[in-house]
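In: pasted the sequence and its predicted model underneath.
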Amino acid sequence: MKHAHGYRKLGREASHRRAMLRGLCTDLVMHGRLRTTLPKAKELRSVVEKCVTRGKVDTVAARRQVRKVLVGAAAIKKLFTDVSPRFEDRKGGYTRIYRIGPRLGDKAKMALIEFIDYDVGSRRRDRDDDSDNKTAAKDTQG
């Protein structure tokens, strides 16, 4: 029996696993926080941290390497202009994983993965501002 062979297979073939992790990594870069199963979050952590580390040096070669992982030009741009500069003085450990309890349908262990500087309060204020703008727009229309 081989112990600690290096990565989790997550019940998928290699191409499917790689595509799933690319999508999760892109979503985490774009939104800053993501809810998924605990094994996926633990596997995603290493992929995201490598991308953030590569994003600290803004070169053509670094962008090409990150493009292999991230999907879409918007995610790459956000990584290099917004996410990586926030961690310029940090040598690693850019993400945090919270266990949030089992999923209702199948009792799978769920987790919340986020960047360590994710600010819940600012997101909540932004959402409240958006809802205020929507109600103000409704008031002016009706």
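Out: Alright, I've got the coordinates.
In: got phi/psi on the most centrally placed residue in the chain?
Out: Using CA atoms, centre = their mean, the residue of the chain that lies closest to the mean C-alpha position is residue 28, 1.6 Å off. Note on residue 28: backbone dihedrals following degrees, to the nearest 10 are phi -70, psi -40.
In: how close does it sit to residue 65?
Out: 18 Å (CB to CB, to the nearest Å). C-beta here means a position set from N, CA and C on the backbone, and glycine is covered the same way.
In: just for the protein, where's the confidence low?
Out: 122-142 (pLDDT under 70).
In: at 80 what do you get?
Out: Within the chain, the segments meeting pLDDT under 80 span 1-2, 4-6, 120-142.
In: quick one: the strands in it?
Out: For the chain, the strands defined by DSSP state E cover 33-37, 95-102, 109-115.
In: select, out of those, the one closest to residue 84.
Out: Comparing these by their distance to residue 84 (CB to CB), the top pick is strand 109-115, with 10.7 Å.
In: so which elements touch that closest one?
Out: In terms of contacts (3 or more CB pairs under 8 Å, 6 or more residues apart in numbering; DSSP states H and E), strand 109-115 is packed against helix 14-31, strand 33-37, helix 38-55, strand 95-102.
In: distance from it to the middle of the chain?
Out: 10 Å (CA atoms, centre = their mean, to the nearest Å).
In: begin at 40, not 1, for the rest of this chat.
Out: Taking 40 as the first residue, the last one we looked at is strand 148-154.
In: and it, what's buried?
Out: 149-154 (16 or more other CB atoms under 10 Å).
In: wait, which of these is closest to residue 85?
Out: Out of the buried residues of strand 148-154, the member with the shortest distance to residue 85 (by CB to CB) is residue 152, at 11.5 Å.
In: find the nearest non-adjacent residue to residue 157, please.
Out: residue 71 (4.9 Å; CB to CB, 6 or more residues apart in numbering).
In: got TSV for the helices and strands packed on strand 148-154, with distance to residue 109 too?
Out: TSV is the format used below for the helices and strands packed on strand 148-154 (distance: least, CB to CB, whole Å):
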stretch	distance to residue 109
helix 53-70	5
strand 72-76	14
helix 77-94	7
strand 134-141	15
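In: perfect, that will be all.
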